[in-house]
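In: Provided below for reference: sequence and predicted model.
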Amino acid sequence: MGETMLELDKVFEDYLLNSEEEIGGVKARRRLRPGEALAVDNIITKDLPQLIRQLVSGSGRDVTKYRVYGSVGQLNRTLSYIPWVAVLRRDITKSTERGYYVVLLFSQDMQNCFLSLNQGFTQFREAFGDKVGNRKVSQVAGLAIQNLSIAPDLIAGPLDLSATRELGKGYESGAIVSRRYGVGDVISEAQFRDDLIQLLDLYDELVVKLGPNLLDHLESMSSDDYQEAANEIATVLPSKSLPTGSLPPPPKVAGRETGKYKRDPEMAAIAIQAAGHQCEVEPIHATFTSRKTKKPFVEAHHLIPMQCQNDFKVSLDVPENIVALCPGCHRKFHHARFGELKPSLGKLFSTRSAALKSRSINIELEKLHKVYKSDVEED
Ligand SMILES: [Zn+2]
Ligand SMILES: [Zn+2]
């Protein structure tokens, strides 16, 4: 194998020349015409996957256990900003949106490419929104790094892909361990093969150490992250509606905080959206405008606190049990003398009692008073 990886050079050159076009004087992402295939398209979707399959099976691995495929673009054939070729273990993930895998990523400025053990960002974006999702994917990467023995000549942690879009930024933050190739570097096929095998070994090591779902190892979200994710998701809520009736209790958090239940920021987002981003104690209560969403910032609070979940056979983490509060009211629910809180609590309980019953959540106001007279721990 004395050959050099000319494919990489071709992608660098071709993609930079061909990825944009001018429409009415405005530069835009280029669209492929029907039936058109750029040279770079072929390299990314055919040649490189083919070569990688050969290298994998040449290393003695069972190549049928991997899904190897590349993408230069998205729906409607618009060229993407970060073309990639991914190597997925089929028992770990079925698409690049989820799980973790080895992926060859080209930086947006076409100055570098990276062979990277990286993570699907879509699952983070769906669960936490872009901003908190980015923080979470990097937290998981950090956790993975702690569990691997990484050679000093590899890059552990974030990459610079010159990304301007959320998905590319997700790959920057989600990088666990990577090898960089610069434009103009002469890379032999033998070296590329060794690097690929090194990363596939680390991939296997991580599967053994942390299993298929890295997200399971995250501790529960901090209060700030939870509120931020809820506000962000509330502005981009998908139209997916929840099933009616009672829902099963949420899973418990793994790791050090065992015993606590997971809270889904999307449930809080539904409640915030229903409240029109206003405080449910009094809509006129002042709050501020969120930097990220440009809407009034309100906080999600579980009317029947999540610490009571053990007493219920149905989930308390449902929009019917989550109220939107201005930050002042929210602090009151956690810290005020009971006498100062009681009227607001009573008001919210009476507006929510029918909705709570629709989820088979039954509680007497007196019982709730007792809970609030002691400590209300989580949001
Ligand atoms: Zn308020
Ligand atoms: Zn709260």
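Out: Here it is on my side, so go on. Remember, predicted model here, so these are calculated numbers, not experimental data. Ligands and ions are numbered 1, 2, ... in the order given.
In: Just give the strands next to the longest strand seen in the chain in its sheet, each with its orientation.
Out: In the chain, ranked by residue count with DSSP state E as the criterion, the top strand is strand 79-89. According to DSSP bridges, strand 79-89 forms sheet pairs with strand 66-73 (antiparallel), strand 100-106 (antiparallel).
In: Pull out the buried residues from the helix ranked longest in the chain.
Out: Taking DSSP state H as the assignment, the helix of the chain that covers the most residues is helix 122-146. Going by neighbour count (16 or more other CB atoms under 10 Å), the buried part of helix 122-146 is 122-125, 127-141, 143-145. Every C-beta, even on glycine, is put in place using the N, C-alpha and C of the backbone.
In: measure the spatially most central residue of the chain to ligand 2 for me?
Out: For the chain, Phe124 is the residue whose C-alpha lies nearest the centre (CA atoms, centre = their mean; 1.0 Å). In this structure, Phe124 and ligand 2 are separated by 24 Å, where distance is defined by CB to the ion, to the nearest Å.
In: Asp153 now?
Out: When distances are taken as CB to the ion, Asp153 and ligand 2 turn out to be 48 Å apart.
In: Show me the domain layout of the chain.
Out: In terms of domains, the chain is parsed into 6-216, 219-373 (source: automatic domain parsing).
In: Compare those and give me the one nearest Asp379.
Out: Taking CB to CB as the criterion, domain 219-373 is the member of the domains of the chain that comes nearest to Asp379, at 5.4 Å.
In: How far off centre is the longest strand of the chain?
Out: With CA atoms, centre = their mean, to the nearest Å as the basis, the distance from the averaged C-alpha position of strand 79-89 to the chain average is 17 Å.
In: quick one: buried residues of that strand?
Out: Buried residues in strand 79-89, counted by 16+ other CB under 10 Å: Leu79, Ser80, Tyr81, Ile82, Pro83, Trp84, Val85, Ala86, Val87, Leu88, Arg89.
In: cool, and stretch 282-289?
Out: Counting neighbours by 16+ other CB under 10 Å, one finds that the buried residues in stretch 282-289 are His285, Thr287.
In: can you tell if that stretch touches ligand 1?
Out: Yes - contact between stretch 282-289 and ligand 1 is present through His285 (criterion: CB under 5 Å from the ion).
In: contacts for that stretch?
Out: Residues lying outside stretch 282-289 but in contact with it, judged by CB atoms under 8 Å, 6 or more residues apart in numbering, are Gly276, Gln278, Cys279, Lys295, Pro296, Phe297, Val298, Cys326, Pro327, Gly328, Cys329.
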